[in-house]
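Peer 1: Fold the following for me, if possible:
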Amino acid sequence: RDAIRKRSGDVTVVAVERIAQELRKMLAHHARRDAVEITYDLRLLHAVLPPVAELETEPDLWNATLGTLGNLPRTTGFTTAFAALLANIGKPGLPPPRYGHAERAERLARVLCRGLKLSNDEIEETCRLVRHQDALAGASLLPGSRIKPLLASPMIDDLLALHEAAGFREDAAYCRRYMA
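Peer 2: Numbers count the residues shown, from 1 in each chain. Okay, here's the model as predicted:
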């Protein structure tokens, strides 16, 4: 482990496509939280996804990110899990209640996705989920004109899974009842 930590910066000499391939495997696997914690511990996350590693400066954000990853359904796909990993990267440095973090996180996510040379579909799906991460917050209080377009969107199942994994089960349950 110490040898890997010492040489963790060297991982960037590996083709970004290969790094992206490994991220896909890690995040699509049901033990995604453990995989992220190991890459963090080995300092590989710092070299590959610095904005995610920066979450360590705010332990509540880091723990929330790990919690969301751990709570995702076992069958969650790469883009949803990657969105969960990137969701909080717009928050560090913003004073609570951290208005504008989703837009900031989406911009950073887009840069990271492009840097990893993900497919256009993967980039758009990931960034759309990051952008709308809080769109269902307080769903029962939202007007129909705001909630209906989201509930009709093709990403709704992934967005609800993210919401539930982040601990907003009541909002997700309300949305599921609304759609029924």
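Peer 1: got a list of what the most centrally placed residue in the chain touches?
Peer 2: The residue lying closest to the centre of the chain (CA atoms, centre = their mean) is Ala84, at 2.1 Å. By CB atoms under 8 Å, 6 or more residues apart in numbering, Ala84 lies in contact with 65, 68-69, 72, 162, 165-166. (Each C-beta comes from the backbone N, C-alpha and C, glycine too.)
Peer 1: Of the residues you listed, which belong to helices?
Peer 2: 65, 68-69, 162, 165 (DSSP state H).
Peer 1: Could you check how far the closest residue to Thr57 other than its chain neighbours is from Leu61?
Peer 2: Nearest residue to Thr57 in three dimensions, chain neighbours excluded: Pro92, at 6.0 Å (CB to CB, 6 or more residues apart in numbering). Distance, Pro92 to Leu61, using CB to CB, to the nearest Å: 7 Å.
Peer 1: who touches both of the two?
Peer 2: Joint contacts of Pro92 and Leu61 (CB under 8 Å, 6+ apart) are Leu55.
Peer 1: which intervals of the chain have sub-threshold pLDDT?
Peer 2: Applying pLDDT under 70 to the chain flags the ranges 2-13, 94-97.
Peer 1: top helix in the chain by residue count?
Peer 2: helix 101-115.
Peer 1: C-terminal to it, what's the next element?
Peer 2: Toward the C-terminus, helix 101-115 is succeeded by helix 120-131 as the next helix or strand (DSSP states H and E).
Peer 1: so after that next one, what's the next helix or strand?
Peer 2: Following helix 120-131 in sequence, per DSSP H and E, is helix 144-151.
Peer 1: name the helices or strands packed onto that next one?
Peer 2: helix 169-179 (3 or more CB pairs under 8 Å, 6 or more residues apart in numbering; DSSP states H and E).
Peer 1: thinking again about what came up before, identify, from the contacts of Ala84, the entry nearest to Ile156.
Peer 2: Within those, the smallest distance to Ile156 is 10.6 Å, found for Leu162 (CB to CB).
Peer 1: burial measure for that closest one, as a count.
Peer 2: 26 (other CB atoms under 10 Å).
Peer 1: Use 735 as the first number from now on
Peer 2: From this message on, residue numbering opens at 735, which makes the last subject Leu896.
Peer 1: quick one: it from Asp775, how far?
Peer 2: Distance from Leu896 to Asp775, by CB to CB: 25 Å.
Peer 1: Now Leu820: closest residue in space, sequence neighbours ignored.
Peer 2: Ala843 (4.4 Å).
Peer 1: Check Tyr912 too.
Peer 2: Leu885 (6.4 Å).
Peer 1: what sits against that neighbour?
Peer 2: Taking CB under 8 Å, 6+ apart, we find Leu885 in contact with 909, 912-913.
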